[in-house]
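*Asks:* next input, structure requested:
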Amino acid sequence: MIYLFSTVVFVFRLLDATQFMEAITFEFQIGLIGSIFLDIALIVIFSIPHSVMAREDFKKYCRRMIPLPIERSFYVFLTSITLILLSCLWQPVYFEIWNIKTNFGIYMTYSIFLIGLLLAVVSTFLIDHFELFGLKQAWNFPTKTEPHTTKFVTPSLYKLVRHPMMFGMLLVLWSTPLMNAGHLLLSIGMTLYIIVGTLFEERDLVRNFGEKYLRYKRVVPMLLPFFTFKQKITKN
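*Replies:* Okay, here's the model as predicted:
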C-alpha cells in the first residue's frame, strides 16, 4: 500500500496537481538557491539508496541483519518512503521553460504521459509484479513454498526495449504541457538516476545470465525503442 501511495503522490507531483497535495506538501521560504539545493538533495536521497540497495554486494551485507524473505519488501518500503519525501518536500521553481497552450498539444502531451504510465505498470506484470515488490517472497516464507529460480525471459514489451518500465518512466517525466524550472530539474535528475541505475542493473544481469543476456543486448535497445548504437559488450 505504501508503494502505491508513493507512486500516486509522485504522479500528482509530476502533474503539478497541488490541489490534491496541499495537506502533505511543504514549501519553505529558503529562496531560489536554497530551493534548488534542497531539490537536488531530495533526488540524491532517493537515488542513492534505490541504486545501492539493489546491488548484489549490498544485498549480501544486508542479509546479515534483514531476513531474506523480507529483504525485497524492506527495499521497496525504503524507496517508497524516499519517494514520498521527494514528492512532499519538493520546492517548486516557477521559471517557465515551455508552455503548450493548444488543445491538440495538451491532449497529445497527456496522452504520452498516460502511455508512459501504462507501460511502467504493465511492465511489472510481464515479469512478476508480486516478486518485484517483495510480496511473493514474504508469502512464500510462512507457507513454506520453495522460491522458484529466476529465468531469463523477454515477453512482449521486452522485445521492444530491454527496460520498458524505465522507458515508460522517461515518457512520464518529460510529457508535460507546462515545463517550469522545477519540473525540468526533477526530470533531469530522475533521468540521470534511471540511466545510471539501469547501467548498474545491466551489469548484474550480465553476471546472472551471461551469454543469453549479452545476445539480448546486441539486438534490443536499452531504454529507447528503435535507438541503438554500436557498443563493446563484454561479460563482467
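
*Asks:* show the model's pLDDT score for Thr150.
*Replies:* pLDDT recorded at Thr150 is 63.

*Asks:* all strands of the chain, in order?
*Replies:* 96-99, 178-180 (DSSP state E).

*Asks:* nearest to Phe10, out of these?
*Replies:* strand 178-180 (17.0 Å; C-beta to C-beta). Heads up, the C-betas are built off the backbone N, CA and C, glycines and all.

*Asks:* low-confidence ranges in the chain?
*Replies:* 1, 53-72, 128-150, 226-236 (pLDDT under 70).

*Asks:* now the biggest helix by length in it: buried residues?
*Replies:* Looking across the chain with DSSP state H, the single longest helix is helix 181-209. Neighbour-count burial for helix 181-209, with 16 or more other C-beta atoms under 10 Å as criterion, is recorded at 181-187, 189-191, 193-194, 197-198, 201-202, 205-206.

*Asks:* coming back round to it: output the strands of the chain as a markdown table; include the columns mean neighbour count and distance to Lys151.
*Replies:* Formatted as a markdown table, these follow (neighbours: other C-beta atoms under 10 Å; distance: least, C-beta to C-beta, whole Å):
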| stretch | mean neighbour count | distance to Lys151 |
| --- | --- | --- |
| strand 96-99 | 11 | 44 |
| strand 178-180 | 17 | 41 |
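
*Asks:* show me the one of the ones you listed that comes nearest Tyr213.
*Replies:* Evaluated over these, closeness to Tyr213 peaks at strand 178-180, with 35.8 Å, by C-beta to C-beta.

*Asks:* list the pairing partners of that closest one within its sheet, with orientation.
*Replies:* If you go by DSSP bridges, strand 178-180 pairs up with strand 96-99 (antiparallel).

*Asks:* centre of the chain to the partner strand, how far?
*Replies:* Chain-centre distance of strand 96-99: 25 Å, with C-alpha atoms, centre = their mean, to the nearest Å.

*Asks:* what do you get for stretch 206-220?
*Replies:* Relative to the chain's own centre, stretch 206-220 is displaced by 22 Å; criterion: C-alpha atoms, centre = their mean.

*Asks:* okay, buried residues for that stretch please.
*Replies:* Residues of stretch 206-220 classed as buried by neighbour count (16+ other C-beta under 10 Å): Val206, Tyr213, Tyr216, Lys217, Val220.
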